[in-house]
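Participant: one predicted model, sequence on top.
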2 protein chains.
Amino acid sequence: MSYHHGDLRRAMTAAAATAVAERGPAGLSLRELARLAGVSHAAPAHHFGDKAGVLTAVATEGFTLLAEALGQAGDDLLAAGVAYVRFAVGHPGHFAVMFDRSLLHADDADLRAAEQAASAALADLAPDADGARAAWSVAHGFASLWLSGAIEGPDVVAAAEPVLRRLVPDA
Amino acid sequence: MSYHHGDLRRAMTAAAATAVAERGPAGLSLRELARLAGVSHAAPAHHFGDKAGVLTAVATEGFTLLAEALGQAGDDLLAAGVAYVRFAVGHPGHFAVMFDRSLLHADDADLRAAEQAASAALADLAPDADGARAAWSVAHGFASLWLSGAIEGPDVVAAAEPVLRRLVPDA
DNA sequence: ACTGCTATCTTGTCAATGGCAAGATCGGTC
DNA sequence: GACCGATCTTGCCATTGACAAGATAGCAGT
């Protein structure tokens, strides 16, 4: 291993997402990330500025992944809802950070761009604003409640579909 | 002011809820709470054990308040949804903590009791499980998105009603 | 090859925090 | 009036986030 890690930024965001998924945003320690990556305790600050910077990078990655997942679902509202829930459950570390402004640099340019990409993917799904908001709300709410343990079951998708269908009865 | 504060526990939970509402759970400092209450830095630990204990108390209070709000809404599903959103926006500090297991002592007896009271109030609203889950998901999702700034508008209730109505078309 | 130049990473340091242990003080009870 | 448990304090420690200053590496231009 050379003096330069070479891919520290990527390694850090990945490790941060894992740590957040396991112990929550409050359980994330920059120094622990550094230890895991085998670098000094101040290395993260260089790439991300501060702790919020790390989480901002994770959130940005999350919105990008979400936009991709929604895009692949096409214009089927139910499929998009399932994709949304799948994303949240599949990337709990990202999801836990994305909608918590108190943890992020909300005015970060990359973050805003990624947010808008995801937002646009959502808006394309429904012809009217309230329909899009409603679809977003059900999917987001179900995913949040599932991740918090408030809704349980053997399979996420199996539990989500009948709920999402309430909102999209014609799908 | 005597040696004994007299109502420290209540003062702490209230101050904690305010602090969480303003700066998020990560921005809460036990020592700052102590300073605000005019007590020593170790006083909070006596009543709550640790930081998670403080937030558990806040979450417990939140679930109790939520159960009351839902109870007052009667058996009207739309009214209950509005009450849910109103609660979340009116008590952002409580709401931010209630569904984040990484911050709480999830096995706390009082917390579990309050959770179940709220859960029961929710289950009473719809005859079928999926209907209750769907109503919960929309209300929870909309409230979360509103609080995160993802959904904006001049009035919360005015923005929430058309969304909630998608799920409760017959109300 | 040599010289800068810049991004990357390190070492050193500081204040603040959470948590623990041991002691002081108060309020009520027998 | 003496005890006793609950409440609160003081003192302490390891960890953390953030900052400053220095070291190292790769790279471009000559």
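Facilitator: All right, it came through fine. Residues are numbered from 1 along each chain as shown, chains lettered A, B, ... in the order given.
Participant: remind me, longest helix of chain A?
Facilitator: Taking DSSP state H as the criterion, chain A has its longest helix at helix A:51-72.
Participant: residues of that helix that come out buried?
Facilitator: Judged by neighbour count using 16 or more other C-beta atoms under 10 Å in any protein chain shown, the buried positions of helix A:51-72 are A:51-67, A:69-70. C-beta coordinates here come from the backbone N, C-alpha and C atoms, glycine included.
Participant: briefly note if the next helix or strand after that helix comes near chain B.
Facilitator: Stepping forward along the backbone from helix A:51-72, the first helix or strand reached (DSSP states H and E) is helix A:77-90. No. Where contact is defined by C-beta under 8 Å from any C-beta of the partner chain, no part of helix A:77-90 touches chain B; the two come within 9.9 Å at best.
Participant: and the next helix or strand past helix A:77-90?
Facilitator: Moving toward the C-terminus from helix A:77-90, the next element (DSSP H and E) is helix A:92-98.
Participant: mind giving me the packing neighbours of the longest helix of chain A?
Facilitator: Other elements packing on helix A:51-72 under the criterion 3 or more C-beta pairs under 8 Å, 6 or more residues apart in numbering or on different chains; DSSP states H and E are helix A:8-23, helix A:30-37, helix A:43-48, helix A:77-90, helix A:92-98, helix A:109-123.
Participant: hmm, try it at 6 Å
Facilitator: Using 3 or more C-beta pairs under 6 Å, 6 or more residues apart in numbering or on different chains; DSSP states H and E as the contact criterion, the elements in contact with helix A:51-72 are helix A:8-23, helix A:77-90, helix A:92-98, helix A:109-123.
Participant: hmm, that helix touching DNA strand D?
Facilitator: Yes. Interface with DNA strand D: helix A:51-72 contributes A:K51, A:A52 (C-beta under 7 Å from any atom of the strand).
Participant: quick check: mean pLDDT of that helix?
Facilitator: Here helix A:51-72 scores 97 as its mean pLDDT.
Participant: for stretch A:118-132, buried residues please.
Facilitator: Buried-residue list, stretch A:118-132, by 16+ other C-beta under 10 Å: A:A118, A:S119, A:A121, A:L122, A:L125, A:A126, A:G131, A:A132.
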